[in-house]
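*Asks:* Predicted model follows, preceded by the sequence.
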Amino acid sequence: PLILGIESSCDETGVGLVRGTQLLTNTVSSSMDEHVRFGGVIPEIASRAHLDAFVPTLAQALADAGVTLGDVDAIAVTSGPGLAGALMVGVSAAKALALATGKPLYAINHLVAHVGVGLLDESIAAQTVALDATAGALPPNLGALLVSGGHTEILRVRSIASDVELLGATIDDAAGEAFDKVARILGLGYPGGPAIDALAREGNAKAIRFPRGLTAPKYMGTTEAPGPHRYDFSFSGLKTAVARSVESYEARGEEIPVADVAASFQEAVLDVITAKAVLACKEQGMTTLLLGGGVAANSRLRELASQRASTAGITLLVPKLSLCTDNGAMVAALGAQLVMNGVAPSDLAFAPDSSMPVGTISL
Ligand code: ATP
Ligand code: MG
Ligand code: FE
């Protein structure tokens with residue numbers, strides 16, 4: 001089936017076209033430039049930008065793929081989680097298109113779409129062990145590590161169309177949010193992830209031992225008696241520790257070793273997320289781990305995750321960069337899976353859900 005996917009949960013207006021597991025086009029317009037001077041995404045500006053960008057982005061996607069709206073078999077749209085006003089723009093546009101064309105509409109979960117994108121042919125840029133390249137089938141016993149500006153989660157995916165389970169999540173800041181906040185403390189600008197990634201390469205990751213949140217024995221427990229936050233994350237204490245460290249250099253009148261702070265902070269985040277994701281895989285019998293979300297662009301994360309996955313005998317799958325960050329192709333990819341698995345389309349009366357739980361694959 002030919003699926004049109006629409007994404008508007010944050011600052012990216014995305015329209016993707018997918019035929020089965022084949023990616024036809026992935027058109028993205030971002031309003032990030034308009035948020036930079038505020039140091040974070042401003043919801044009203046994002047919503048306004050989606051309104052401006054939607055029609056041109058749709059037209060571009062259809063033209064690039066050489067198809068018309070009439071050719072489309074179903075429409076899929078991100079219905080949550082995300083910014084309420086931003087979601088509303090994409091959902092309203094998708095409902096209007098569905099009403100005008102009579103095509104079925106699938107209101108899908110953005111987080112599950114970050115995993116579903118791995119089903120597209122040639123979507124995986126790097127993997128530690130060659131899998132049977134069975135197009136359109138995720139490997140069995142699949143785990144996913146989603147790390148973005150808004151989410152940090154470990155998932156178990158038994159079926160992309162019907163069974164996705166949340167194993168652990170951040171209890172405060174998301175990993176990408178921590179990168180952005182620390183970049184701000186260090187005066188590196190916004191978004192902070194790419195700047196810290198680059199600077200960290202010049203620093204010593206062992207210079208400062210920053211705290212590893214929720215890794216103390218009382219949180220981890222044991223295999224027999226798992227602690228209350230065994231697979232959960234916390235990054236707000238780490239962010240505070242970085243701020244205190246910077247203040248202490250200032251108080252002593254010393255120059256701040258910015259590269260060392262960046263490298264040491266980055267290592268603290270990545271040490272915890274890779275260790276916990278691999279632990280969850282080992283304990284839960286998940287033999288493949290898929291990375292998703294904007295932080296999956298981080299070069300050190302890719303390196304550390306592949307080292308630790310290899311050591312643990314876990315196959316690591318890393319989608320192409322353009323498919324890791326928010327986009328419409330991932331929405332179309334998940335929509336196609338729902339159609340091919342015979343899932344019923346959504347009732348057009350649905351409302352976007354800014355805190356849609358990851359276990360809810362579609363509304
Ligand atoms: P959501 O959480 O809803 O998926 P989002 O728009 O916040 O949405 P993405 O666009 O997937 O998430 O990712 C953006 C985040 O990724 C930002 O916090 C950014 O700093 C971070 N990021 C991007 N590149 C890197 C990198 N190389 N290293 C670390 N973090 C990065
Ligand atoms: Mg974004
Ligand atoms: Fe996302």
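*Replies:* Perfect, thanks for sending it. Numbering: from 1, shown residues only. Ligands and ions are numbered 1, 2, ... in the order given.
*Asks:* hey, let's count contacts and neighbours off CA atoms from now on
*Replies:* OK.
*Asks:* Now do the helices in the stretch 151-300 of the chain.
*Replies:* Remark: helices assigned in the stretch 151-300 of the chain by DSSP state H, counting those that start in this stretch are 175-185, 192-200, 217-220, 236-251, 258-284, 299-312.
*Asks:* now residue 191, nearest residue through space, not along the chain?
*Replies:* Residue nearest to residue 191 in three dimensions, not counting chain neighbours: residue 180, with 5.6 Å by C-alpha to C-alpha, 6 or more residues apart in numbering.
*Asks:* what do you get for residue 12?
*Replies:* residue 30 (4.3 Å).
*Asks:* Give me the phi and psi for that neighbour.
*Replies:* phi -110, psi 140 (degrees, to the nearest 10).
*Asks:* and it, what is it in contact with?
*Replies:* 11-13 (C-alpha atoms under 8 Å, 6 or more residues apart in numbering).
*Asks:* repeat for residue 62
*Replies:* By C-alpha under 8 Å, 6+ apart, residue 62 lies in contact with 17, 68-69.
*Asks:* ok, now with 10 Å
*Replies:* Applying C-alpha atoms under 10 Å, 6 or more residues apart in numbering to residue 62 gives the contacts 4, 15-17, 24-27, 68-69, 72.
*Asks:* now the residue nearest to residue 12: how far from residue 55?
*Replies:* 14 Å (C-alpha to C-alpha, to the nearest Å).
*Asks:* Residue 335 now?
*Replies:* Per C-alpha to C-alpha, residue 335 is found 20 Å from residue 55.
*Asks:* what do you get for residue 232?
*Replies:* 40 Å.
*Asks:* more crowded one of these two?
*Replies:* Neighbour tally, residue 232 and residue 55, criterion other C-alpha atoms under 10 Å: the higher count belongs to residue 232, 25 against 14.
*Asks:* quick revisit: surely the residue nearest to residue 191 meets residue 236?
*Replies:* No: Residue 180 is beyond contact range of residue 236, at 11.9 Å (criterion: C-alpha atoms under 10 Å).
*Asks:* Quick check: phi and psi on residue 28?
*Replies:* phi -130, psi 130.
*Asks:* Mind listing the residues bridging to it?
*Replies:* Beta-bridge partners recorded for residue 28 (DSSP bridges): residue 14.
*Asks:* Return the residues in contact with it.
*Replies:* 6-7, 12-16, 53-54, 57-58, 60-61, 322, 326-329.
*Asks:* Cool, thanks, signing off.
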